[in-house]
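> fold the stuff below for me.
(2 chains)
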Amino acid sequence: MLLRDVEYAKPASLPDALSALAAHDGARALAGGQTLINVMKARAASPDVLVDLNGLEELKGIELAGDGTLTIGAMTTYSELMESAEAKARPILAEVVSTIADVQVRNRGTVGGNVCANDPTNHLPPLMAAVGARFTIAGGSGEREVTAEDFFLGVYLTAVGPGELLTKIAIPAGKHDGFAAITLGVDGTCIANAAASLNGSLRVALGCVDAVPVVLQPASTEEDAVRAAVHAANLDPPSDVHASAEYRTHLAEVLAVRAARQAQENA
Amino acid sequence: MSDHSITVTVNGVEYEREVEARKLLIHFVRDDLDLTGSHIGCDTGNCGACSMIVDGTLVKSCMMLAVQADGATVETVEGLADGDELTPLQQSFSEHHALQCGYCTPGMLISATALLRANPSPSEEEIRKALQGNICRCTGYWNIFEAVKAVAK
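Next comes the predicted model:
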């Protein structure tokens, strides 16, 4: 498919990338391209300028701090995360990204691209919400850090504004996590998913049922408590060709129970 | 119109070309370099017929711009055999009847080549996972799997 005509820039530094994004209203960051290039084919996105982030070394890599905090560069690919020794400090991360699409997509698709796309059916938004990730956003006037609650704002919409970039994601230490999804085929698009984290109190984040992850705090990992928390959320998910709203609500409850159970078993 | 001058080494041959930024790598390789072994199946990143190895990494070339391959080393199915001498993997595909219409075969060979390079002794599960991004509508996958398994050490 021939894309609409587009300009291309590959900045070598973060300040240059921010300048390039700020210089054009129609500029858009190109991370792994595993979503963006396809939506450009479909003309669902038609940027005038692509600012390729693949030359930005400062956006790559995974660091593990002394207190167990993982810092993942936004341009880290899924494959790099799966192979990272540091990322084993939070095993659920590699476990979940290993179920995204296929080898080729995981080799180019990035953690930052996944969360910035904020497609409600993506795996990482609910996972990041459950584990208490913090997102660093850089812009012309400096950096700021936001929580998952403040990062995911709507369908395809995040706190990263025009002329800004997500640079890294910080994830606190913890191993007591779970994730469950019902997908289209093995490792396909999620129809519903749920992430759970039992580090301190239990936090469950539901994906695919609203514009942003729905975060719940069940009283315990007991099945009844988790089901009660999902009921109390009064979910009103969309219906589509894959699942009715009623079925998606049912799946959200079942998957929340499974994710919480896995978090409990990993505790 | 946004033209960029790029230098790409494909199967050991260096090419210098002008490309529009909007040109996908698969179109550059097929149309500009006339290397038509790599196929376009779905053009949505699902089927894997366009799989190539770029700087040692397996990718789907319909989800990468040609301009992004500037300075890169690209491997396609044409680079596998040495003249008429097939690689052991290609020979194994032939012996195991791992292709019928052959449309997916270039991508299958490239994906399996990438797997065996990184992991010469893959388990059955690892072979299946490695070929997950390549769709075949003829064989039911079994003979492809057997062909790869036969050359795994």
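> can you give me the helices in chain A?
With DSSP state H as the criterion, chain A has helices at A:14-23, A:36-41, A:78-83, A:92-97, A:103-108, A:111-117, A:124-131, A:148-151, A:223-232, A:245-265.
> got the contact list for the third one?
The one in question is helix A:78-83. A:60, A:62, A:72, A:87, A:93-94, A:97-98, A:100, A:103, A:105-107, A:109-111, A:114 (CB atoms under 8 Å, 6 or more residues apart in numbering or on different chains). To be clear about C-beta, it is placed using only N, CA and C from the backbone, and glycine gets the same treatment.
> hang on, the earlier thing: quick one: closest of the helices of chain A to B:A21.
Within those, the stretch nearest B:A21 is helix A:36-41; the backing value is 11.2 Å (CB to CB).
> buried stuff in that closest one?
A:36-38, A:40-41 (16 or more other CB atoms under 10 Å in any protein chain shown).
> can you dump the C-alpha coordinates of it into CSV?
Extracted in CSV, the C-alpha atoms of helix A:36-41 (Å, rounded to 0.1, in the frame of the first residue of the first chain):
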residue,chain,number,x,y,z
LEU,A,36,1.2,3.6,13.1
ILE,A,37,2.4,2.4,9.7
ASN,A,38,-0.7,0.2,9.4
VAL,A,39,-3.1,3.0,10.4
MET,A,40,-1.4,5.2,7.9
LYS,A,41,-2.1,2.6,5.2
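> hmm, it touching chain B?
Yes: Helix A:36-41 comes into contact with chain B (CB under 8 Å from any CB of the partner chain), by way of A:37-38, A:41.
> please enumerate residues in contact with that helix?
A:1, A:3-4, A:6, A:28, A:30, A:45-47, A:113, A:117, B:24, B:43-45, B:62-65.
> right, and A:T183 touches A:I191 too?
Yes: between A:T183 and A:I191 there is a contact at 6.7 Å, judged by CB atoms under 8 Å.
> quick one: residues contacting the residue of the stretch 1-150 of chain A found nearest chain B.
Distance from chain B to each residue of the stretch 1-150 of chain A (CB to the nearest CB) is smallest for A:D102, at 2.8 Å. Contacts for A:D102 (CB under 8 Å, 6+ apart) come out as A:187, B:48, B:132-134.
> ok so, going back, now the buried residues of helix A:36-41 in a markdown table, with pLDDT?
Shown next, in a markdown table, are the buried residues of helix A:36-41 (pLDDT from 0 to 100):
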| residue | pLDDT |
| --- | --- |
| A:L36 | 97 |
| A:I37 | 98 |
| A:N38 | 97 |
| A:M40 | 97 |
| A:K41 | 97 |
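> number of nearby residues for residue 95?
Using chain A here. A:E95 has 15 neighbours, counted by other CB atoms under 10 Å in any protein chain shown.
> my question was about chain B, not that one.
What B:E95 shows, counting by other CB under 10 Å, is a neighbour count of 12.
> for it, give its distance to B:A150.
Separation of B:E95 from B:A150 (CB to CB, to the nearest Å): 8 Å.
> circling back: ok, the residues of helix A:36-41 next to chain B vs A:S244, which is closest?
Distances from A:S244 to the residues of helix A:36-41 next to chain B, taken by CB to CB, are shortest for A:N38, at 26.5 Å.
> any idea how far the closest one is from A:T69?
Applying CB to CB, the value for A:N38 to A:T69 is 34 Å.
> what is the burial count for B:E14?
9.
> cool, A:D5 as well?
Neighbours of A:D5 under the rule other CB under 10 Å: 12.
> do B:D82 as well
A count of nearby residues for B:D82, using other CB under 10 Å, gives 8.
> spit out the contact partners of A:D210.
Going by CB under 8 Å, 6+ apart, A:D210 touches A:120, A:235-237.
> domain assignment for chain B?
For chain B, automatic domain parsing gives the domain ranges B:3-79, B:88-151.
> now the end-to-end length of the last one.
Put plainly, it is domain B:88-151. Terminal residues of domain B:88-151 are spaced 7 Å apart (CA to CA, to the nearest Å).
> kindly report the same for the first one.
Using CA to CA, the gap from the first to the last residue of domain B:3-79 comes to 28 Å.
> now stretch B:112-129: buried residues?
Of all the residues in stretch B:112-129, those buried under the rule 16+ other CB under 10 Å are B:112-116, B:122, B:127, B:129.
> same list, the residues you listed, but as JSON lines with pLDDT please.
Shown next, in JSON lines, are the buried residues of stretch B:112-129 (pLDDT from 0 to 100):
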{"residue": "B:A112", "pLDDT": "98"}
{"residue": "B:T113", "pLDDT": "98"}
{"residue": "B:A114", "pLDDT": "98"}
{"residue": "B:L115", "pLDDT": "98"}
{"residue": "B:L116", "pLDDT": "98"}
{"residue": "B:P122", "pLDDT": "98"}
{"residue": "B:I127", "pLDDT": "98"}
{"residue": "B:K129", "pLDDT": "96"}
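> quick check: the residue of the stretch 151-267 of chain A nearest chain B.
For the stretch 151-267 of chain A, CB to the nearest CB, closest residue to chain B: A:D187, 6.7 Å.
> return the distance of A:V155 relative to A:N122.
11 Å.
> the two - which one has more neighbours?
Neighbours of A:V155 and A:N122, each counted by other CB under 10 Å, are more numerous for A:N122; the result is 22 against 12.
> excluding sequence neighbours, find me the nearest residue to that one.
Closest residue to A:N122 apart from its sequence neighbours, by CB to CB, 6 or more residues apart in numbering or on different chains: A:N114 at 5.4 Å.
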